[in-house]
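Participant: I would like to see how this sequence folds:
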Amino acid sequence: MSALKIKKGATSHSAYQLRDPHAEVVERHTLAVIVANEAGVLARVIGLFSGRGYNIESLTVAEIDHTGHRSRITLVTTGTPAVIEQIKAQLGRIVPVHEVHDLTVEGPAVERELGLFKVIGKGDARVEALRLADIFRANVVDSTLESFTFEITGTPEKIDAFAELMRPLGLAEVARTGVAALARGG
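Facilitator: Below you'll find the predicted structure:
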């Protein structure tokens, strides 16, 4: 058996600690995609992501022009800058896609999300849930003797923070809309 000697003051490195200094950073991007409002378009957009192993963190869709039959898909995804550019290029090649905007790089944008939270509790936990809801400007939209349902609007980070604080107070159920976003200014 041989023993490995390490000089006093020397450090050993694990393979898990080694990082490629040239590796690209994974970024979060919000994309707004204007599409024809017709059957199968959303499936084609989602198929692009699933077929290439890309993840969609958030997805919202709504018709924005009734007469022009156009819808807006707002999606949040992550990837290296090269992957994000590839996603945008591939989205632009889908026939019913009219426009692709990367709100993350095009300038300041406003992002909002709606969350509904059911919190079950009694006594002090109930009082604390109401106090925190007031701080976060959440509205009580339903109440029973044992539960509250709160409605909160804000950035995804605000929604996450509210959820973390409600968890120990009896958070039982959460419904989130996903991100809606618009570029700021003209």
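
Participant: residue contacts, Pro81?
Facilitator: By C-beta atoms under 8 Å, 6 or more residues apart in numbering, Pro81 lies in contact with Glu24, Glu27. The way it works is simple: take the backbone N, C-alpha and C, and place the C-beta from them, glycine included.

Participant: For Ala183, see how far away it is.
Facilitator: Using C-beta to C-beta, to the nearest Å, we find Pro81 at a distance of 20 Å from Ala183.

Participant: Next: Leu114.
Facilitator: 20 Å.

Participant: ok, now Ile73?
Facilitator: 15 Å.

Participant: More neighbours: those two, which one.
Facilitator: The neighbour comparison of Ile73 against Ala183 (other C-beta atoms under 10 Å) goes to Ile73, with 20 against 14.

Participant: What mean pLDDT does the helix or strand where that one lies get?
Facilitator: Using DSSP states H and E, Ile73 sits in strand 70-79. Mean pLDDT, computed over strand 70-79, is 95.

Participant: For that strand, buried residues please.
Facilitator: By 16 or more other C-beta atoms under 10 Å, the buried positions in strand 70-79 come out as Arg70, Ser71, Arg72, Ile73, Thr74, Leu75, Val76, Thr77, Gly79.

Participant: between these, which is closest to Ile64?
Facilitator: Set against Ile64, the nearest of the buried residues of strand 70-79 by C-beta to C-beta is Arg72 (4.6 Å).

Participant: beta partners of that closest one?
Facilitator: Ile34, Ala62 (DSSP bridges).

Participant: which residues touch it?
Facilitator: Ala32, Val33, Ile34, Val35, Val61, Ala62, Ile64.

Participant: ok, 7 Å please
Facilitator: Going by C-beta atoms under 7 Å, 6 or more residues apart in numbering, Arg72 touches Ala32, Ile34, Ala62, Ile64.

Participant: and the residues you listed, which are buried?
Facilitator: Using 16+ other C-beta under 10 Å as the burial test, these include Ala32, Ile34 as buried.

Participant: could you say what helices and strands the lengthiest strand in the chain packs with?
Facilitator: Taking DSSP state E as the criterion, the chain has its longest strand at strand 109-120. In terms of contacts (3 or more C-beta pairs under 7 Å, 6 or more residues apart in numbering; DSSP states H and E), strand 109-120 is packed against strand 147-154, helix 156-166, strand 171-176, strand 180-183.

Participant: Can I get those in TSV including distance to Glu27 and mean pLDDT?
Facilitator: Formatted as TSV, the helices and strands packed on strand 109-120 follow (distance: least, C-beta to C-beta, whole Å; pLDDT from 0 to 100):
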stretch	distance to Glu27	mean pLDDT
strand 147-154	22	97
helix 156-166	15	97
strand 171-176	22	97
strand 180-183	15	94
